[in-house]
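In: Got a predicted structure plus its sequence, pasted below:
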Amino acid sequence: MLGGKCVRCGFSDWRALCFDHINGDGNKERTFKSSHTTLRRVLKGRIEGIQLLCYNCNQIKKIENNECAKSKWIADSIGVRYSLIR
């Protein structure tokens, strides 16, 4: 399914892979639909706008693209200047 590995780093252990909304709009979809909507879409073959990432790459992408309201907090909590990673 979706290549079976992270599109960024190639990691392939299914236990640490997740679906990622390429445009960072997953929160919008979750707001209006149930949490299983993405899984249902993928299983039905409707994979436009979705990619497979490992959890590490998913978190990095969220921080780099400022997709998560907690991105600044995460950067601050690990001692990284947020302006350097944006």
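Out: Arrived safely, thanks for sending. Residues are numbered from 1 along each chain as shown.

In: would Asn23 count as being in a strand?
Out: No - assigned with DSSP: H, G, I helix; E, B strand; the rest coil, Asn23 falls outside any strand and is coil.

In: Where does pLDDT dip in the protein?
Out: Residue ranges of the chain with pLDDT under 70: 1, 25-36, 38, 69-86.

In: Return the list of helices and strands in contact with the longest helix along the chain.
Out: Longest helix of the chain, by residue count under DSSP state H: helix 55-64. Packing partners of helix 55-64 (3 or more C-beta pairs under 8 Å, 6 or more residues apart in numbering; DSSP states H and E): strand 17-21, helix 71-77. The way it works is simple: take the backbone N, C-alpha and C, and place the C-beta from them, glycine included.

In: Could you give me the buried positions within the first one?
Out: By that I understand strand 17-21. 17, 19-21 (16 or more other C-beta atoms under 10 Å).

In: strand partners of it, parallel vs antiparallel please.
Out: strand 50-54 (antiparallel) (DSSP bridges).

In: tell me the angle of the longest helix of the chain relative to strand 17-21?
Out: Orientation check (axes from the mean of the first three to the mean of the last three C-alpha atoms, to 10 degrees): helix 55-64 against strand 17-21 gives 30 degrees.
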